[in-house]
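Q: What follows is a predicted structure for the sequence shown.
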Amino acid sequence: MTALKTLMGRELGRAAHLVLDCLLPPRCPSCGMLVHGPQRLCPDCFGSLTFIADPACLRCGLPFETKGEAGRLRLCATCLAHPPSFARARAALTYDEPARRLLLPFKHADRTELAGLLAMLMHRAGAPLLAEADLLVPVPLHRRRLVQRRYNQAALLAGRLATLAARPWAADALRRCRATQPLGELSAAERRRAVAGAFTVSPSSLARLRGRRILLIDDVLTSGATASACAEALAAAGVARVDVLVVARVPDPRRRQGRISSEALVHSEDADDFTSV
């Protein structure tokens with residue numbers, strides 16, 4: 001009887017989705033083209049994305065143009081000069097115009113439904129980090145910014161990733177204890193100064209964090225200053241290690257970034273998870 005009820009429930013669910021698709025046909029979240037299922041990109045928009053692939057800096061995930069450029073240590077110049085406080089960072093995409101068409105509406109225009117698609121991209125790119133993580137922790141917003149935006153995009157991503165990877169997450173483990181100025185126009189050194197000491201660990205989370213391997217979740221990684229400040233707060237709380245996983249990585253403006261064109265993936269099995277053809 002239980003099995004029959006489960007089967008009936010699944011069939012009713014499929015029927016409800018079919019009715020909803022007829023009333024509100026799913027569209028590509030990037031361009032608005034009709035697609036065959038929710039949380040799917042059309043082939044053209046998927047093909048325009050730039051997925052980050054090796055070779056990349058082992059520390060911050062910045063892509064190299066060639067293996068030779070990576071050198072023996074496979075560390076970028078910035079990580080050699082100013083090592084970040086986190087162990088590793090990985091991103092699914094280069095932060096370019098196609099990536100911005102997904103991330104900016106998600107972050108600033110209440111397009112919270114994009115969290116599912118973006119988390120799927122992160123899940124694919126960050127599989128090794130997710131496999132080793134004991135706990136997922138989102139980068140927090142200051143309470144004033146949270147009131148203005150009404151949601152924390154990093155927390156939405158962390159929740160979706162936790163489900164995909166079957167990992168626990170802690171929405172309020174970190175707190176932004178003071179507001180910081182917008183970092184967009186600041187240099188890397190100015191960013192580090194702006195966020196220094198801006199994060200603290202929630203007292204109620206101390207026991208849960210101590211000795212654990214933490215995967216910090218955010219939408220975009222630029223200089224790594226915010227992630228490093230978070231990692232320092234977590235290290236002070238006694239965590240074993242902090243890795244970072246984001247949707248997109250801002251490339252080094254001084255040179256072309258190493259990348260893999262997603263056109264090569266459009267006809268692969270991986271593309272089936274993200275596209276509608």
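A: That came in fine, so what should we check first? Remember, it's a predicted structure, so these values are computed and weren't measured experimentally.
Q: where along the stretch 101-250 of the chain do the strands fall?
A: 135-138, 174-176, 199-201, 213-221, 241-249 (DSSP state E, counting those that start in this stretch).
Q: Nearest to L73, out of those?
A: strand 241-249 (18.6 Å; Cβ to Cβ). Backbone N, C-alpha and C define where each C-beta goes, glycine included.
Q: Helix, strand or coil: sort out R74 for me.
A: The three-state label given to R74 by DSSP: H, G, I helix; E, B strand; the rest coil is coil.
Q: how about it, what does it touch?
A: By Cβ atoms under 8 Å, 6 or more residues apart in numbering, the contact set of R74 is P55, C57, L58, F64.
Q: Next one, pLDDT for it please.
A: pLDDT recorded at R74 is 92.
Q: Then M122?
A: Here, the pLDDT recorded for M122 equals 98.
Q: mind listing what the closest residue in space to it that isn't next to it in sequence touches?
A: Spatial nearest neighbour of M122, excluding adjacent residues (Cβ to Cβ, 6 or more residues apart in numbering): A92 at 5.3 Å. For A92, the contact set (Cβ under 8 Å, 6+ apart) comprises F51, I52, L118, L121, M122, R124, A125, G126, V246, V247, A248.
Q: Pick the most deeply packed of the strands of the stretch 101-250 of the chain.
A: Of all the strands of the stretch 101-250 of the chain, strand 241-249 carries the top mean neighbour count, a mean of 26, counting by mean count of other Cβ atoms under 10 Å.
Q: so that one versus strand 213-221, what angle?
A: For strand 241-249 against strand 213-221, the angle between stretch directions is 20 degrees (axes from the mean of the first three to the mean of the last three Cα atoms, to 10 degrees).
Q: what about strand 241-249, average pLDDT?
A: If you average the pLDDT values across strand 241-249, you get 98.
Q: got it, and stretch 49-59?
A: On average, the pLDDT along stretch 49-59 is 94.
Q: Which residues does it contact?
A: The contact list for stretch 49-59 (Cβ under 8 Å, 6+ apart) reads 41, 61-64, 66-67, 69-70, 73-76, 79, 83-84, 87-94, 96, 98-99, 125, 249, 257-262, 265.
Q: just stretch 198-210 next, same as before
A: By Cβ under 8 Å, 6+ apart, the list of residues contacting stretch 198-210 from outside reads 135, 140, 170, 172-178, 180, 229-230, 232-234, 236-239.
Q: Repeat the analysis, applying 10 Å as the threshold.
A: By Cβ atoms under 10 Å, 6 or more residues apart in numbering, the residues outside stretch 198-210 that reach it are 134-135, 137, 139-140, 142, 168, 170-180, 225-226, 229-240.
Q: which of these count as buried?
A: 134-135, 137, 139-140, 170-171, 173-176, 180, 225-226, 229-235, 237, 239 (16 or more other Cβ atoms under 10 Å).
Q: hmm, back to that, got a ChimeraX select line for the buried ones in the contacts of A92?
A: Selection command for ChimeraX covering only the buried members of those, criterion 16+ other Cβ under 10 Å:
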select :51,52,118,121,122,125,126,246,247,248
